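A.B. asks: Structure for this input, please:
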Amino acid sequence: SLDHILDWKRAVNEAHRVLGAGGSLFICTLAWVEKADLMGDSVHFHHFSEPEILAALDGFNISSSYRYAYKEDGHRYGLYLSAQKSNKAKALV
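C.D. replies: The predicted structure follows:
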């Protein structure tokens, strides 16, 4: 879950490095649409918008995504992504 990983860039880069061509990466994280304030949040290291999550997956092809309601609060939602390592070089994020 990317929002719980302090150095998420390193984690994504490492996943890309160790996966073989066409290897799969599965991500479950929260996507924020508003009120992305870390001040009152002691559980999540990051509050990503969906475009930020997708940009972090450069070097991967998104094969499926699924959004689900999270705690019915309206300012964030859960996001499951399945992505496969592409053949193109990964830009280091």
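A.B. asks: Do a quick rundown of the helices in the protein.
C.D. replies: Counting by DSSP state H, the chain has these helices, from start to end: 8-18, 50-56.
A.B. asks: Turn those into JSON lines, columns for mean neighbour count and distance to residue 1.
C.D. replies: In short, each C-beta sits where N, CA and C put it, glycine included. As requested, the helices of the chain are arranged in JSON lines below (neighbours: other CB atoms under 10 Å; distance: least, CB to CB, whole Å):
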{"stretch": "helix 8-18", "mean neighbour count": "15", "distance to residue 1": "10"}
{"stretch": "helix 50-56", "mean neighbour count": "16", "distance to residue 1": "11"}
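A.B. asks: Redo those helices as a markdown table? Include mean pLDDT and distance to residue 79.
C.D. replies: Shown next, in a markdown table, are these (pLDDT from 0 to 100; distance: least, CB to CB, whole Å):
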| stretch | mean pLDDT | distance to residue 79 |
| --- | --- | --- |
| helix 8-18 | 92 | 14 |
| helix 50-56 | 91 | 6 |
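A.B. asks: Just put the ones you listed in a markdown table and tack on distance to residue 29.
C.D. replies: Putting those into a markdown table (distance: least, CB to CB, whole Å) gives the following:
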| stretch | distance to residue 29 |
| --- | --- |
| helix 8-18 | 9 |
| helix 50-56 | 6 |
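A.B. asks: Go through those helices and name the closest to residue 41.
C.D. replies: When the helices of the chain are ranked by proximity to residue 41, the top entry is helix 8-18, at 15.4 Å, counting by CB to CB.
A.B. asks: so who does residue 3 touch?
C.D. replies: 29-30, 44-48 (CB atoms under 8 Å, 6 or more residues apart in numbering).
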